[in-house]
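Asks: the sequence and its predicted three-dimensional model are supplied below.
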Amino acid sequence: MGLPGTEDAQMAEPSGVAAPARAGARVWGAVVALCLIQFVDVMGVTVVLTVLPRMLADVGAGPAGGTLVATSYAMFFGGLLMFGARLGDRIGHRRCILASLAVFAAGSALAAVAGSTLVLAAARCVQGAAAATAVPSALSLLTSVTGGDERARARALAGWSAAGAAASAAGFAVGGTVGGTVGWRPVFWGLTAVAALLAALVVAFAPPVAGEGAKALNLAGTALLTTGVMLVVVGATLLGEPAHRATGALLLAAAVAALALFVLADRRSGAPLLPGPVLGLPQVRHGTVAAFVNTATTTGAATLITLYLQGSLGWSPLESAAAFLPLSVLVVVGSAAAARLMARRAGERVSALGLLFVGLGLALPLPDPGSLPLLGGGMAVAGFGLGLSSVASTSMATDVPEGPRATASGIVNTSAQLGSAIGTAALLLTTAAAGQPLDAGGGTPVIAWTVAAVSAVAVAAAFTRARPTGPPRPQP
């Protein structure tokens, strides 16, 4: 297959049979390690949500502290993704991943011992920043280690997409299960240990592919883009809280200004973070839109449902985790199905089918939202659809030459993080505007819940009419 390390293996094994097998095992070891990096980093966004009230009580924080803790990870993760893509190109992708894992472990350990809101939020910021510099390099390295074998690349991307799609829902389940049994601090000690394990796997399996050292980091553009994305995340979150709505609106206005300045600065830069040729590719645009809608509808709805179950119905974190378990499991099934569908259908069509399942799954529990069988069944259907659409969105967005692939990865992952933040804020704002508080005795947030389902179906309909951007991928 022309894979890194194949030549050395062939020299070491004269039989001519064991060497390719060893090279193949090394490749798939690297794929597993890189997909686990995606899983852990994306899971970090939602892992605190089901145990947030207990965390805030332990560190003596009020509601305002909850907003800070809940958004700090996503703020730095989404804000620094494009910088992370450029950093990997600059210093080499494996080196960037290993440094990021070390920082992630340090941030996790700091969160585990945090005794105040400020320290806890700072630790979450460190974790988010480390995730942002790891994920683009992990995806770029993932597509490199499979060489020119398109079937292997399709399988690897299916695993990557399954990991990312399952991670968001798994965060609710892991946080609720661990936090509801042994407390929230072991969640972060566990992440510290996982980071060390992932670093060992990367060293063992991932090849040291060189970065493109000649590229500048474009620090001015990075600062403006990061500031703009962070302001969007925080502003969108605050907009969903009645007490902070004016502040949220001001921050969103500031975000528009910062992003406008970024566009001007990036166009004049010799090393743009968002190169026009990459943004002009229809497959990148379609993949980015699909990634945004995937997370806006599913993560937004999952957050809304979690708050409803615990606030209005009085469910425990452990009970809430059980409701989302089918979502996590069926994402993997949907991702496997997507890898085969992509062999016969364009990415836009697979995304359309996936988003249709997401909409139907979200709508299924609406007649009786407190019914665990209905809720679990709906989450299973939505999870299957999320797996389909996530594989399609990632495959479309990264169907570019290897050079700009890390940039395309940064774009699609930034879109997904913004989808999580903006989708959640929009649904919470809709709930508040409809007069359906998510506290004890509050009613079912039917309107916002329905908005999430209808939005997924509407975008699915749009993708059925979109012109396909490329041929179907080879069947894994």
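Replies: Now that the structure is in, tell me what you want to look at.
Asks: next secondary structure element downstream of the top helix by length along the chain?
Replies: The residue-count maximum for a helix in the chain (DSSP state H) belongs to helix 150-181. Sequence order places helix 185-205 as the next helix or strand after helix 150-181, per DSSP states H and E.
Asks: for whichever helix or strand comes after that following helix, list the C-alpha coordinates in PDB.
Replies: For helix 185-205, the following helix or strand on the C-terminal side (DSSP H and E) is helix 219-239. Taking C-alpha atoms only, helix 219-239 is exported to PDB below (Å, rounded to 0.1, in the frame of the first residue of the first chain):
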ATOM      1  CA  LEU A 219      -0.500  34.800  14.900                       C
ATOM      2  CA  ALA A 220      -2.500  37.900  14.200                       C
ATOM      3  CA  GLY A 221      -5.100  36.000  12.200                       C
ATOM      4  CA  THR A 222      -5.100  33.300  14.900                       C
ATOM      5  CA  ALA A 223      -5.800  35.800  17.600                       C
ATOM      6  CA  LEU A 224      -8.700  37.400  15.700                       C
ATOM      7  CA  LEU A 225     -10.200  34.000  14.700                       C
ATOM      8  CA  THR A 226      -9.800  32.600  18.200                       C
ATOM      9  CA  THR A 227     -11.300  35.700  19.800                       C
ATOM     10  CA  GLY A 228     -14.300  35.600  17.400                       C
ATOM     11  CA  VAL A 229     -15.100  31.900  17.900                       C
ATOM     12  CA  MET A 230     -14.700  32.200  21.600                       C
ATOM     13  CA  LEU A 231     -17.100  35.200  21.700                       C
ATOM     14  CA  VAL A 232     -19.600  33.200  19.600                       C
ATOM     15  CA  VAL A 233     -19.500  30.300  22.000                       C
ATOM     16  CA  VAL A 234     -19.800  32.300  25.200                       C
ATOM     17  CA  GLY A 235     -22.300  34.800  23.700                       C
ATOM     18  CA  ALA A 236     -24.500  32.000  22.300                       C
ATOM     19  CA  THR A 237     -24.500  30.300  25.700                       C
ATOM     20  CA  LEU A 238     -25.300  33.400  27.700                       C
ATOM     21  CA  LEU A 239     -28.100  34.300  25.200                       C
END
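Asks: average pLDDT across helix 219-239?
Replies: In this model, helix 219-239 has a mean pLDDT of 81.
Asks: which neighbouring elements make contact with that helix?
Replies: Helix 219-239 sits against helix 63-91, helix 245-268, helix 405-433, with contacts defined as 3 or more CB pairs under 8 Å, 6 or more residues apart in numbering; DSSP states H and E. In this view, the C-beta of every residue, glycine as well, is placed from N, C-alpha and C.
Asks: tell me which element Trp449 is part of?
Replies: According to DSSP H and E, Trp449 maps onto helix 446-465.
Asks: err, Thr469, not the other one
Replies: In the assignment (DSSP H and E), Thr469 maps to no helix and no strand.
Asks: pretty sure it is in contact with Glu348, am I right?
Replies: Yes: the criterion here is CB atoms under 8 Å, and Thr469 meets it with Glu348 at 6.9 Å.
Asks: quick one, which of the two is more surrounded?
Replies: Glu348 (26 against 17; other CB atoms under 10 Å).
Asks: isn't the more buried one right next to Ala462, touching?
Replies: No: using CB under 8 Å, Glu348 is not in contact with Ala462, being 9.2 Å away.
Asks: any idea how many residues pack against the closest residue to Ala338 other than its chain neighbours?
Replies: Of all residues not flanking Ala338 in the chain, Val391 sits nearest, at 3.6 Å (CB to CB, 6 or more residues apart in numbering). When counting by other CB under 10 Å, one arrives at 33 neighbours for Val391.
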